[in-house]
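In: mind looking at a prediction? Sequence and model below.
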Amino acid sequence: MAQEHLSKRYDQDLETIRSRVLQMGGLVEEQFRDAMASLHEGSAAMAEKVIQGDVEVNRLDVSLDNVCTQLIVRRQPAANDLRTVMATTKIVTDLERIGDEATKIARSAKNLQNRNVVLMNHYQTIRGIADTASDMLHDALDAFARLDRELAVKLIGRDALIDREFNAMMIDLIDCMTKEPLTISASLDLLWIAKAIERIGDHATNVAEQVIYIVEGKDIRHTDYATTQTDLQE
């Protein structure tokens, strides 16, 4: 009975941590969404909201790190349980970094609002990249909430799309700066924004990799796991 009680309490602790991680995920999703809105709407107030909101994300990062550490010390989990806790701490780190990238976008958006240069084609490209990264982040959180391996594998495969779009945009912006020196400052701000979005896609991919680690016990970082799994399914 005592062992069963401890097991139930441990499961409750894990569920509490999962809920708080998803709460943190919801906050960084909102940060990212508001950062992009501040860019497209030219809203300095919304950009400032994103910057100020990073304080709460950082607070959750520290709090969850402490909770996970205490859980390991108190419960001394083994095998699958330890794997879950360790993977969760890495997911929290990636979410905190997504919040940092959203803050970078907001700051660059504020800079662009003070410039009289409009690079409309590149704004549209950034919107497309951001939509892909936003979908990846949402799916990564969904995969973690449901421990959905298949969803995690699918979203990892989409990271290459963002990388290609970012590289193409970088080449276009460099060409633009070369031909029109007056656009250099604005082009650099857009490049920082695009890079931040690309990094958000990377962090969403990291979350998906940790989901697979929890489910399968396989560390697939720095491997071509997603491509291999996709090929097997075709």
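Out: That came in fine, so what should we check first? Residues are numbered from 1 along each chain as shown.
In: what residue ranges in this structure score low on pLDDT?
Out: Under the criterion pLDDT under 70, the flagged ranges of the chain are 1-7, 116-120, 225-234.
In: what about A145, which SS state?
Out: Under DSSP: H, G, I helix; E, B strand; the rest coil, A145 falls in the helix class.
In: contact partners for it?
Out: Contact analysis of A145 by CB atoms under 8 Å, 6 or more residues apart in numbering lists R18, L22. Quick note: C-beta positions are derived from backbone N, CA and C, even for glycine.
In: from now on call the first residue 441
Out: Okay, using 441 as the starting number, the last item reads as A585.
In: what element comes up after the lengthiest helix in the chain heading to the C-terminus?
Out: In the chain, assigned by DSSP state H, the helix with the most residues is helix 442-481. Downstream of helix 442-481, the first helix or strand assigned by DSSP states H and E is helix 484-515.
In: what packs against the helix or strand following that next one?
Out: If you walk from helix 484-515 toward the C-terminus, the next helix or strand you reach (DSSP H and E) is helix 519-553. Helices and strands touching helix 519-553, by 3 or more CB pairs under 8 Å, 6 or more residues apart in numbering; DSSP states H and E, are helix 442-481, helix 484-515, helix 624-656.
In: tell me which residues in the first one are buried?
Out: Read that as helix 442-481. By neighbour count on 16 or more other CB atoms under 10 Å, the buried set for helix 442-481 is 453-454, 457-458, 460-461, 464-465, 467-479.
In: how far does it sit from the chain's center?
Out: Counting by CA atoms, centre = their mean, to the nearest Å, helix 442-481 is centred 13 Å from the centre of its parent chain.
In: next, the angle from that helix to helix 484-515.
Out: On the basis of axes from the mean of the first three to the mean of the last three CA atoms, to 10 degrees, helix 442-481 is oriented at 170 degrees to helix 484-515.
In: helix 442-481 vs helix 624-656, what angle?
Out: Relative orientation of helix 442-481 and helix 624-656, computed by the same axes, to 10 degrees: 160 degrees.
In: how close does the residue nearest to L587 when sequence neighbours are not counted sit to F584?
Out: Spatially, and ignoring its direct neighbours in sequence, L587 is nearest to V655 (5.5 Å; CB to CB, 6 or more residues apart in numbering). Distance check for V655 against F584: by CB to CB, to the nearest Å, it reads 10 Å.
In: higher neighbour count, the two?
Out: F584 (24 against 18; other CB atoms under 10 Å).
In: list the contacts of the nearest residue to that one once chain neighbours are set aside.
Out: Closest residue to F584 apart from its sequence neighbours, by CB to CB, 6+ apart: V651 at 5.3 Å. Counting by CB under 8 Å, 6+ apart, V651 touches A527, A580, A583, F584, L587, D588, R589, A592.
In: hmm, 7 Å instead?
Out: V651 sits next to A583, F584, L587, R589, A592 when contact means CB atoms under 7 Å, 6 or more residues apart in numbering.
In: now distance to K619 too, for the residues you listed, in JSON lines please.
Out: Below are the contacts of V651 laid out as JSON lines (distance: CB to CB, whole Å):
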{"residue": "A583", "distance to K619": "43"}
{"residue": "F584", "distance to K619": "45"}
{"residue": "L587", "distance to K619": "50"}
{"residue": "R589", "distance to K619": "47"}
{"residue": "A592", "distance to K619": "42"}
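In: need the buried ones from these selected in ChimeraX.
Out: A single ChimeraX command selects the buried members of these (16+ other CB under 10 Å):
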select :583,584,589,592
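In: for the contacts of V651, which one is nearest I531?
Out: Nearest to I531 among these, counting by CB to CB, is F584 at 6.3 Å.
In: isn't the closest one right up against V647?
Out: Yes: using CB atoms under 7 Å, F584 is in contact with V647, at 6.2 Å.
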